[in-house]
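> Need coordinates for the following:
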Amino acid sequence: MTANTNKPMNYTIDSQFANFVTKVLQPVSGVDISSIWDDLGKRLTRDNDTTGAPATGTDAISLSDPRLTLRSLNSRWGSLYSALYNADTIPHSAGLKIGRKYNAARGKRVTAYARDFLDATFPLTEGSHSDAVSYLVYFQNLMVILADGSTAGLRNPAQFVAKNGPKDDPESLLLQHQDLHIEILFDRNGARGAQDLSNIEDIQIEAPAITALSLEAESPEQKFAAYSNLLDLAQGRLTCSFDSNGRKTTRRLNRCVPYTLKNGDEATISCTNEAVISLDESRCELGMITDSDGNALAQWRVDAAIASWITDNFSQPQSSISLTITPRKTTKESNTRQKQTPDASVLPAVADTLPTQVNHTTNKRAPADATDNNKGVYAGNPVMVALHRHGFAQH
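Numbering: from 1, shown residues only. Purely as a prediction, here's the structure:
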């Protein structure tokens, strides 16, 4: 590697690394290149062992793979209908088996189960959600009109949190049971909604988790790709295009749509999982920066400097993604981490508190197809895991 003339705080910078800073970081920063080098130089000497959030103990996803990164981040909310269709909760008996084509009989059983779930979790003062023909907001309460013309409300009115769209014809409703949030989506023209008595297109379940991200790379090119993806992620603009069954698909971070709380305030709810950037000791030391004695800096220290510079300069409160950086684990800790049980008392919060916190974000989620989710509870379907955790979807 060829050394570059840039020497922030007596460091010698490899030309490939210098080129990345000049061609990628500087144009989006809005500041002169010397200021960036000075900033990075200070970060390279900073003690990064004790900063940031604690490690999660989960396998990290490489930021050089935007497809998997986005898939994990966007899994905070999932379709109850799709999860049930694929799960063993609905028996795979004759007439209800999953095939190449959509099984209408199985779909009908899924809808019935979803209504039972609503009755058990959000019971009405009278009647059943299976008899509902429309949902509307009356003052600060959810009102349900039943098929016989009678009306009902929630037995626990506090479970209604917010709505999106007009009061008399909402596009979606946000409900809360303990720490479980669900979103009911309506679409009278949708594939499901057009066939549904109350035009429910889907029921989305919040299943928050922490997405651990890694900057590990085996080559400078892969490393710079990881850095670039982190930069795009911090700005909420990370995308990935790929071929899916012969069709080009573009994946991006879930979009955000405002909600109106029942007191009239505008609010947004988290739509992506929290992202935690791992700074574990690297398996591949690329030697991109050397000190005044000619010794290469540990790759984790270079990663820490770039990651902290990106998150400090580009992570915005209104962004749809929450980025934090873990402290570096020692080699001994790294070797034993997989055998340890994470201490829940020190983990970052993975579930929202009350959705009245207006600095969160939400998205209007399109219903997932039956093939979008992994099959069954045992495959780790986050929706089914969330339901089991709350005592539902028992076999």
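> from here on, contacts and neighbour counts on C-alpha atoms
Noted.
> The residue nearest to Phe224 when sequence neighbours are not counted: neighbour count?
With sequence-adjacent residues excluded and distances taken as CA to CA, 6 or more residues apart in numbering, Phe224 is closest to Phe20, at 7.1 Å. Look at Phe20: counted by other CA atoms under 10 Å, it has 16 neighbours.
> Let me see the residues that make contact with stretch 32-40.
Stretch 32-40 has contacts (CA atoms under 8 Å, 6 or more residues apart in numbering) with 6, 8-9, 22, 26, 305-306, 309.
> Give me the buried subset of those.
6, 8-9, 26, 305-306, 309 (16 or more other CA atoms under 10 Å).
> Now render those residues as CSV, adding distance to Ala83 and pLDDT.
Listed next are these as CSV, based on distance: CA to CA, whole Å; pLDDT from 0 to 100:
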residue, distance to Ala83, pLDDT
Asn6, 54, 55
Pro8, 53, 71
Met9, 54, 72
Gln26, 44, 93
Ala305, 41, 94
Ile306, 39, 95
Trp309, 39, 94
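> Of those, which is the nearest to Lys163?
Nearest to Lys163 among these, counting by CA to CA, is Trp309 at 37.6 Å.
> Could you measure from that closest one over to Ala234?
11 Å (CA to CA, to the nearest Å).
> hey, what's in contact with both of the two?
Contacts common to Trp309 and Ala234, judged by CA under 8 Å, 6+ apart, are absent.
> Which stretches in the stretch 101-250 of the chain count as helices?
104-121, 220-234 (DSSP state H, counting those that start in this stretch).
> What pLDDT is listed against Ser29?
Note for Ser29: predicted pLDDT of 90.
> Likewise for the one 5 residues further on?
Model confidence at Ser34, given as pLDDT, is 91.
> can you count the residues close to it?
Neighbours of Ser34 (other CA under 10 Å): 12.
> What helix or strand is it located in?
Here Ser34, judged by DSSP states H and E, is contained in helix 33-44.
> any idea which helix or strand comes after that helix?
Next in sequence after helix 33-44, counting helices and strands by DSSP H and E, comes strand 61-62.
> Run the chain-centre distance for that next one.
Averaging C-alpha positions (CA atoms, centre = their mean, to the nearest Å) puts strand 61-62 14 Å from its chain's average.
> ok, back up a step: looking at the contacts of stretch 32-40, which is nearest Asn156?
Scanning those for proximity to Asn156, where the rule is CA to CA, the winner is Trp309, at 46.7 Å.
> The residue of the chain positioned farthest from its centre: which element?
What lies farthest from the middle of the chain is Asp293; by CA atoms, centre = their mean that is 43.4 Å. Assessed by DSSP H and E, Asp293 sits outside every helix and strand.
> State the distance from it to Thr12.
10 Å.
> in the chain, which helix or strand is least confident?
helix 331-336 (a mean of 43; mean pLDDT, DSSP states H and E).
> Following element in sequence after that one, please.
Next along the chain after helix 331-336, with elements defined by DSSP H and E, is helix 382-389.
> Quick check: which helices or strands does that following helix pack against?
Helices and strands touching helix 382-389, by 3 or more CA pairs under 8 Å, 6 or more residues apart in numbering; DSSP states H and E, are strand 77-79, helix 80-86, strand 200-206.
> Which among these is found nearest to Ser228?
strand 77-79 (26.2 Å).
> Other residues contacting that closest one?
With CA under 8 Å, 6+ apart, strand 77-79 has contacts from 202-208, 271-272, 367-368, 382-383.
> next one: that strand to chain centre, how far?
For strand 77-79, the distance to the chain centre is 11 Å (CA atoms, centre = their mean).
> can you tell me the average pLDDT over that strand?
92.
> Paired strands for that strand, with orientation please.
As defined by DSSP bridges, the strand partners of strand 77-79 come to strand 200-206 (antiparallel).
> and the strand it pairs with with helix 382-389, angle?
Angle of strand 200-206 versus helix 382-389, following axes from the mean of the first three to the mean of the last three CA atoms, to 10 degrees, is 70 degrees.
> and the protein, what are its domains?
The chain breaks down by automatic domain parsing into domains covering 3-73+209-339, 77-207+384-389.
> Can you tell me which of these has the worst average pLDDT?
Across those, domain 3-73+209-339 gives the lowest mean pLDDT, at a mean of 83.
> Figure out how far it is from the centre of its chain.
With CA atoms, centre = their mean, you get 16 Å for domain 3-73+209-339.
> How about stretch 130-138?
On CA atoms, centre = their mean, the centre of stretch 130-138 falls 30 Å from that of its chain.
> before we move on, back to that, which of the residues in the helix holding Ser34 are buried?
33, 36-37, 40-41, 43-44.
> do stretch 270-283 as well
270-282.
> Next: stretch 205-224.
Result for stretch 205-224 [16+ other CA under 10 Å]: buried residues 205-217, 220, 222-224.
> Straight-line length of that stretch, end to end?
Stretch 205-224: ends 36 Å apart by CA to CA.
> Quick one: distance of it to the chain centre.
13 Å.
> hang on, the earlier thing: show the backbone phi and psi for the residue farthest from the centre of the chain.
Here is the backbone geometry of Asp293 (degrees, to the nearest 10): phi -90, psi 0.
> Ala60 against Leu215, yeah?
No: using CA atoms under 8 Å, Ala60 is not in contact with Leu215, being 9.2 Å away.
> Give the intersection of the neighbour lists for those two.
With CA under 8 Å, 6+ apart as the test, Ala60 and Leu215 both reach Ser278.
> How many residues are close by the nearest residue to Glu126 once chain neighbours are set aside?
Spatially, and ignoring its direct neighbours in sequence, Glu126 is nearest to Ala152 (5.5 Å; CA to CA, 6+ apart). Using other CA under 10 Å, Ala152 is surrounded by 19 other residues.
> wait, isn't Ala152 in contact with His129?
No: the criterion here is CA under 8 Å, and Ala152 misses it with His129 at 9.8 Å.
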